[in-house]
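Q: Predicted structure and sequence below. I'll ask about it afterward.
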Amino acid sequence: MSVMVVAAPGAEAAAAGLAAHLQARQGSVESRRFPDGESYLRLRDDVAGHEVVVVSSLRDPDPQALGLWFLAATARELGARRVGLVAPYLPYMRQDARFQPGEAVTSGLFARFISQQFDWLATVDPHLHRHASLSEIYTVPTRVVASAPAIARWVQANVPAPLVVGPDSESEQWAADVARRVGCPSLVLAKTRLGDRQVEISLPDARAHAGRTPVLIDDIISSARTMAVAAGRIRESLGVAPVCVGVHAVFSPDAMQVLQEAGAARVVTCNTLPHPTNGIDVGPELAQAVQDLLRG
Ligand SMILES: O=P(O)(O)OC[C@H]1O[C@H](OP(=O)(O)OP(=O)(O)O)[C@H](O)[C@@H]1O
């Protein structure tokens, strides 16, 4: 099987890493904007007969979505055998219901858009909230990589006597998984979201864990309000600055400052989106997922 990895604009480093793991060729893509803002895209290598793997970094999905379609459609027109998408961070997973009349349920609409362009999808810990699995909204084969093994390896190597803390009930799944792998206790806080950038968090009695280093783990750090409020509560209760671990470093412009002001001891993220805090490599697990999909 002949595999060619191509980078959507902005995902060149991630594509190079994946190509190295897969021992596959990386195809070159030329991209630029015309003066009127339209995209120019050119696949510089012959993709005919290849399994084409498009790698995309979808922090800011809207301006990139049309380019993804152009890439996938062009690869197909030029004879690619199949075209798969590796989106280590899968966007549009949060608006998964019509909370107000007339709202667009963008998780389903984005899933339909991707499923129409690509033959398969690989991602890392998607924000599954009211959906039990991606197959409820994606109609193509998907593989989900769990970040917990990589996070647990990092915690074991970097944090003595850790206490894994999930900031809300949804984070319990991976907080418990990481704690079990590390062999340390875990704690889950209770969060109420009041707005896009406002949350309230309450903490159970944590005095039994005095002397441990709290490690807050969440899937997304976006405005960082969840992490920051949780970090503040933990500091008040345990008197220790927590280590903050995020899977997806979405980071709005002021997020890092918010975390520093909240007294985070250290901020580390998985490399699903490029960010200076990337310190946990999920590349090997992602490459394994892609290999499984290519065999399927
Ligand atoms: O950095 P922040 O801006 O606080 O966003 C990140 C938080 O938002 C998500 O949860 P939540 O269930 O609150 O999000 P959703 O309701 O939007 O799905 C996610 O799991 C984090 O806990």
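A: Looks like it came in fine. Residues are numbered from 1 along each chain as shown.

Q: Show me what secondary structure element comes after the longest helix seen in the chain.
A: Scanning the chain for the helix with the most residues, using DSSP state H, yields helix 61-77. Next helix or strand after helix 61-77 toward the C-terminus (DSSP states H and E): strand 82-86.

Q: So which other helices or strands are in contact with that following strand?
A: Packing partners of strand 82-86 (3 or more CB pairs under 8 Å, 6 or more residues apart in numbering; DSSP states H and E): strand 51-55, helix 61-77, helix 106-117, strand 120-124, helix 283-295. Using the backbone N, CA and C atoms, a C-beta is placed for each residue, glycine as well.

Q: Can you check what angle separates the longest helix of the chain from helix 106-117?
A: Per axes from the mean of the first three to the mean of the last three CA atoms, to 10 degrees, the angle that helix 61-77 makes with helix 106-117 is 20 degrees.

Q: Report the buried residues of helix 61-77.
A: Residues of helix 61-77 classed as buried by neighbour count (16 or more other CB atoms under 10 Å): 61, 64-65, 67-68, 70-72, 74-76.

Q: Next: stretch 78-97.
A: In stretch 78-97, counting by 16+ other CB under 10 Å, buried: 80-81, 83-93, 95-96.

Q: Equivalent analysis for stretch 110-119, please.
A: Going by 16+ other CB under 10 Å, stretch 110-119 has these buried residues: 110-111, 113-115, 117-119.

Q: State which strand of the protein is the longest.
A: Using DSSP state E, we find that the single longest strand of the chain is strand 213-221.

Q: Touching the following helix or strand past that strand from outside, list them.
A: Heading C-terminal from strand 213-221, the first helix or strand you meet, by DSSP H and E, is helix 225-238. Contact with helix 225-238 is made by 163, 165, 167-168, 189, 191, 197-203, 206-207, 209-210, 212, 214, 216, 218, 221, 240-242, 244, 246, 258-259, 261-264, as judged by CB atoms under 8 Å, 6 or more residues apart in numbering.
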